[in-house]
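Chemist: Let's see this in three dimensions:
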Amino acid sequence: MGLVFTSNDLDEIQEFICADYTPVRLKAHSQDQYQMQIIRNPLGPIRLDLVGWCFEVDYAFNPPGSIVLAGVESGTISHSETEGVQDSYGPGEVFLVAQPDRPYAGRMCHAHFSFTVLEPALLSQVAGTAPGRTEAPVRLTSYRPISPAAGQHLLRTITYLRDHVLTNPTLRDAPLIASTAPQLLAATVLATFPNTALLDPTIEDRHDTHPATLRRAMAFIDDYAHCEISVADIAAAVHVTIRTLQYAFRRHRGTTPMGYLRQVRLHHAHRELLAADPTTGVTVTEIAARWGFFHPGRFAHYHRHAYGHPPSRTLLRHAP
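Modeler: This next block holds a predicted model:
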């Protein structure tokens, strides 16, 4: 569990939010006992917080400077508005609370919800911009997901990262998890909400997808698989756009840059499993986390597909 803040004093609640998030004005609608709890869960450029408001309150926030999402677990968040948009959200719904540079206001009625914060630059690391266009952060263009199913998938991703990755010190403290987990969340957000990212390759991108581009990109990944690298880092290293890079891998390798990076890291993890002595207490989860795999089930699936057996068998092959 992350850092917990609990208070039943409205002034103290407002002071904490101003210091920890962004300036806010709160106005309670009843004389009921005020009670709020925030469980803070930071992970690099993201936060996966849980918030509980046990009273009815109007709020008006300054621009947050970050991309803020809310997933309602109980209660309602109504009259949420920014740039003239008004809507109401209930249990099971996830929505964009505000753009980074826009204020927002609304009312919460005894609501419990996830509060997910992403640095805007994170979305740009997994997407590209059109050639010749002024570089700008990718923006989400709708407050609601493209479909209820997409919203549910995003909520499951947030819940898994919060409840299974951040609560496990082996996973949470592994350096590569700090890059792979936020990148997964950013990619899921882009797949969930309409946005300005241009993901399809342009004519210029297609002209740049020479085999030499792919070879340089693969060499860079091979050399730096142990580091925190993103698709933007790979593209910059070989001097092409992100879309060029993605198209080159799809055309010549039938995968993505991050898919190839996963293959390389899987190979290294497999070699560590082969070299490890299980009598020392080393675990599959520990080795997988060291190479950026934070979902044990998926790691086992990838390993079984590549090597024909689960990673536990590789680790325990010499056990007495």
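
Chemist: Helix or strand next in line after the lowest-mean-pLDDT helix or strand in the chain, which one?
Modeler: Least confident helix or strand of the chain, by mean pLDDT, DSSP states H and E, is helix 203-207 with a mean of 58. With elements assigned by DSSP states H and E, the helix or strand that comes after helix 203-207 is helix 211-224.

Chemist: Need the residues that contact the following helix or strand past that following helix.
Modeler: Later in the chain than helix 211-224, the nearest helix or strand by DSSP H and E is helix 231-238. For helix 231-238, contacts defined as Cβ atoms under 8 Å, 6 or more residues apart in numbering pick out 124-126, 128, 213, 216-217, 220-221, 224, 241-242, 244-246, 256-258, 261. All C-beta spots, glycine's among them, are computed from the backbone N, C-alpha and C.

Chemist: okay, the angle between helix 231-238 and helix 211-224?
Modeler: 120 degrees (axes from the mean of the first three to the mean of the last three Cα atoms, to 10 degrees).

Chemist: just the strands in the stretch 1-150 of the chain please.
Modeler: Remark: strands assigned in the stretch 1-150 of the chain by DSSP state E, counting those that start in this stretch are 3-7, 24-28, 36-40, 42-43, 46-53, 56-61, 67-82, 85-89, 94-98, 104-118.

Chemist: highest average neighbour count across these?
Modeler: Mean neighbour count (mean count of other Cβ atoms under 10 Å) peaks for strand 94-98 among these, with a mean of 24.

Chemist: Tell me which residues are up against that one.
Modeler: Outside strand 94-98, the residues within contact range by Cβ under 8 Å, 6+ apart are 61, 63-64, 67-72, 80, 82, 87, 89, 104, 114, 140, 142-145, 151, 154-155, 192-193.

Chemist: quick one: strands adjacent to it?
Modeler: Strand 94-98 has the following sheet partners, assigned by DSSP bridges: strand 67-82 (antiparallel).

Chemist: Strand 56-61 and the strand it pairs with, what's the angle between them?
Modeler: Using the same axes, to 10 degrees, strand 67-82 lies at 110 degrees relative to strand 56-61.

Chemist: got the CA positions of strand 67-82 in CSV?
Modeler: Taking Å, rounded to 0.1, in the frame of the first residue of the first chain, the C-alpha atoms of strand 67-82 are listed here in CSV:
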residue,chain,number,x,y,z
ILE,A,67,-3.1,14.0,-17.9
VAL,A,68,-5.7,13.0,-15.2
LEU,A,69,-8.0,10.1,-15.5
ALA,A,70,-10.7,8.9,-13.0
GLY,A,71,-12.3,5.5,-12.7
VAL,A,72,-15.4,5.5,-10.6
GLU,A,73,-15.8,2.5,-8.2
SER,A,74,-18.8,3.8,-6.3
GLY,A,75,-20.8,7.0,-6.0
THR,A,76,-21.0,9.6,-8.7
ILE,A,77,-18.9,12.3,-10.1
SER,A,78,-21.3,14.7,-11.8
HIS,A,79,-21.2,18.0,-13.6
SER,A,80,-17.6,17.5,-14.4
GLU,A,81,-16.7,20.2,-16.8
THR,A,82,-13.8,21.7,-18.6
